[in-house]
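*Asks:* When you get a sec, could you give me coordinates for this:
(one chain, ligands or ions: 1)
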Amino acid sequence: MVTRAIVIFGATGDLSRRMLLPSLYNLHADGLLPKDLLIVGCSRGAMSDFPSAARTWVSERLGSQFDKSKWAELGDRLLHATVDANVPESFESLKSVLDGIDDVLFYLSTSPTHYDAICRNLRSARLAGSNNKVVVEKPVGSNLRSCQAINDSLARAFAEEDIFRIDHYLGKEAVQNLLALRFANTLFEPLWNKVSIEQVQITVAETVGVEDRWGYYDEYGALRDMVQNHLLQLLCLVAMEPPASLEPDSVRNEKVKVLRALRSLDGREISKRTVRGQYSEGFAEGRPVPGYTSEPGGRRSDTETFVALQANIDNWRWAGVPFYLRTGKRMPRRRSEIAIQFREVPHSIFPGNALPANRLVIRLQPEEEISLTLVNKTPDLDQLTLRPLSLNLSLSDTFSKARRRIAYERLLLEALNGNSTLFVRRDEAEAAWRWIDSIEEGWRRQGVTPSPYPAGTWGPSSAVALAERNGHSWHE
Ligand code: BG6
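*Replies:* Just a heads-up that it's a prediction; the model follows:
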């Protein structure tokens, strides 16, 4: 018997095809999806056979992991509703589909331009409120003002505890593991501060270009598309104080304190502490690729596809410790990682040996790995030679039997269960935009435009200079 529902707006779109429906299928196949859950896909156009279209998308995405019989069980619970965000009557027909169900999760996977109308119409149709919840995809706005406007629209229809702002990085296994690493081990916490840590680097490098999203991407650029959400979330998890529990507000209170302690980058700081880049033609995985402006749909543009910056967190724990953030498209390798560089030993008793500082690297992608570099002696009788070696923990090898999950699987499950620890609270999203706006504003005032870098390289040379200015270098 069906007592709950998930309603996906934008059900025929890319996110739904590649992530949401395959994640729901995987959860079902693993016996984790509530058995009483109806899945309603909404789109503007009528669809004669949504379940069979969904089956094709999911089987294409999952390949050999797709099991026909499992799908058949799920296919029965799949429905389509024709809903136009701007047509109130169409919400009445959605209401009749949901008749008798009083626990509904609405997933807004449409352009954010429709969020206001969807919330308004859900409210008028009395579909918002009571046990119902809403999930919103990024981007929640393109600056503080538009983020506040979206948040206001959401708040008119739903209570804050029923609003789930997604950042899919928070659903990644390795990001979860960061919490375990920090707060389930006694080893690191005493060292996790300015006394022992020299600098932190967060890199999210992609080999892909903008693909077929030029129009969207050009409005945002790397700063707003990646730093405002994914990189700042990683920074928060690295830098926050230990929360008292995993309760949603306990964790989110600590994250928002970090965001509020970020020093604004304005005036002269902007050109010293930030680098904007845009890829020109070059190579990706050995084949020639066009520059950003020559991609399909492209034209002359001052949007950055790469950004590197130095953030500072003005609080006792982190005073004086640079946090370097770097993200870009068309980098030489796909690599997302957090590198924590400890300080050098204060005094060396090993003449003739360089003593590189210890480094902890938490790799999120492509593989999930943790490595700690320690200086060791090489086995040699006649002289004392030291060299750094790594203690490596490969999570993919250790848990080789576990299927690597799509980040959305965990997030969907958490949202269905009403647990918002892994979702972004209103004040958090707004604090992040406040800081990002100060950078955008600085770029505008100082006329900072992106420097070109050939596709397949680590961004403009000024990114190297950014770290070198403090005597540091990027971990590569
Ligand atoms: C999205 C961005 O949020 O994250 C994309 O809009 C980016 O531009 C993507 O490619 C990266 O996600 P992942 O999980 O592949 O690292």
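*Asks:* what residues does the protein put near the ligand?
*Replies:* E206, D225, Q365 (Cβ under 6 Å from any ligand atom). Yep, even glycine has a C-beta here, placed from its N, CA and C like the rest.
*Asks:* got a pLDDT number for the second one?
*Replies:* Pointing back at D225 there. In this model, D225 is scored at 96, pLDDT.
*Asks:* that's a strand at I6, yeah?
*Replies:* Yes - remark: I6 belongs to a strand, assigned using DSSP: H, G, I helix; E, B strand; the rest coil.
*Asks:* In contact with it, which residues?
*Replies:* With contacts defined as Cβ atoms under 8 Å, 6 or more residues apart in numbering, I6 is in contact with L24, L37, L38, I39, V40, V104, L105, Y107, L412, L416.
*Asks:* Apart from its chain neighbours, what residue comes closest to the closest residue to the ligand within the stretch 151-300 of the chain?
*Replies:* Of all residues in the stretch 151-300 of the chain, D225 sits closest to the ligand, with a separation of 4.7 Å (Cβ to the nearest ligand atom). Across the structure, with Cβ to Cβ, 6 or more residues apart in numbering as the measure, the residue nearest D225 apart from its sequence neighbours is Y217 (6.5 Å).
*Asks:* now swap in V251 and tell me
*Replies:* Once flanking residues are discounted, V251 sits nearest to P243: 4.7 Å by Cβ to Cβ, 6+ apart.
*Asks:* pretty sure the one you found is touching D249, no?
*Replies:* No - counting by Cβ atoms under 8 Å, P243 stays clear of D249, with 9.0 Å between them.
*Asks:* Looking at the two, which is more packed in?
*Replies:* Of the pair P243 and D249, P243 is the one with more neighbours under other Cβ atoms under 10 Å, namely 18 against 15.
*Asks:* still on that earlier bit, pretty sure the residue nearest to V251 sits in a helix.
*Replies:* No - going by three-state DSSP, the assignment for P243 is coil, not a helix.
*Asks:* got the contact list for it?
*Replies:* P243 makes contact with F183, S250, V251, N253, E254 under the criterion Cβ under 8 Å, 6+ apart.
*Asks:* any idea of the pLDDT on it?
*Replies:* Per-residue confidence (pLDDT) for P243: 97.
*Asks:* repeat for W318
*Replies:* Here the pLDDT value assigned to W318 is 98.
*Asks:* What strand or helix carries it?
*Replies:* Secondary-structure assignment from DSSP states H and E places W318 in no helical or strand segment.
*Asks:* and what of D99?
*Replies:* Short version, using DSSP H and E: D99 is in no helix or strand.
*Asks:* measure it to V2 for me?
*Replies:* From D99 over to V2 the distance is 11 Å, taken as Cβ to Cβ, to the nearest Å.
*Asks:* do the same with V275
*Replies:* According to Cβ to Cβ, V275 stands 53 Å off from V2.
*Asks:* Name the residue in the two with the higher neighbour count.
*Replies:* Comparing V275 with V2 by other Cβ under 10 Å, the one with more neighbours is V275, at 26 against 14.
*Asks:* After the helix or strand hosting that one, which helix or strand is next?
*Replies:* With elements taken from DSSP H and E, the one containing V275 is strand 274-280. On the C-terminal side of strand 274-280, the nearest following helix or strand under DSSP H and E is strand 282-284.
*Asks:* and that next one, average pLDDT?
*Replies:* Confidence for strand 282-284, expressed as mean pLDDT, is 95.
*Asks:* In the next helix or strand after it, which residues are buried?
*Replies:* Using DSSP H and E, the next helix or strand after strand 282-284 towards the C-terminus is strand 287-289. Neighbour-count burial for strand 287-289, with 16 or more other Cβ atoms under 10 Å as criterion, is recorded at V289.
*Asks:* cool, and stretch 263-276?
*Replies:* Applying a neighbour-count criterion of 16+ other Cβ under 10 Å, one finds S264, L265, E269, I270, R273, T274, V275, R276 buried in stretch 263-276.
*Asks:* would you turn those into a markdown table with distance to R444 and pLDDT?
*Replies:* Rendered in a markdown table, the data for the buried residues of stretch 263-276 read as follows (distance: Cβ to Cβ, whole Å; pLDDT from 0 to 100):
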| residue | distance to R444 | pLDDT |
| --- | --- | --- |
| S264 | 14 | 92 |
| L265 | 13 | 89 |
| E269 | 15 | 88 |
| I270 | 10 | 94 |
| R273 | 16 | 96 |
| T274 | 12 | 97 |
| V275 | 16 | 98 |
| R276 | 12 | 98 |
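*Asks:* The helix or strand containing A117 - what's its average pLDDT?
*Replies:* Secondary structure assigned from DSSP H and E places A117 in helix 115-124. For helix 115-124, mean pLDDT rounds to 96.
*Asks:* Can you name the next helix or strand after that helix?
*Replies:* Secondary structure here is assigned by DSSP H and E; on that basis, the next helix or strand after helix 115-124 toward the C-terminus is strand 133-136.
*Asks:* for that following strand, packing partners?
*Replies:* For strand 133-136, the helices and strands in contact under the criterion 3 or more Cβ pairs under 8 Å, 6 or more residues apart in numbering; DSSP states H and E are strand 103-108, helix 115-124, helix 144-157, strand 163-165.
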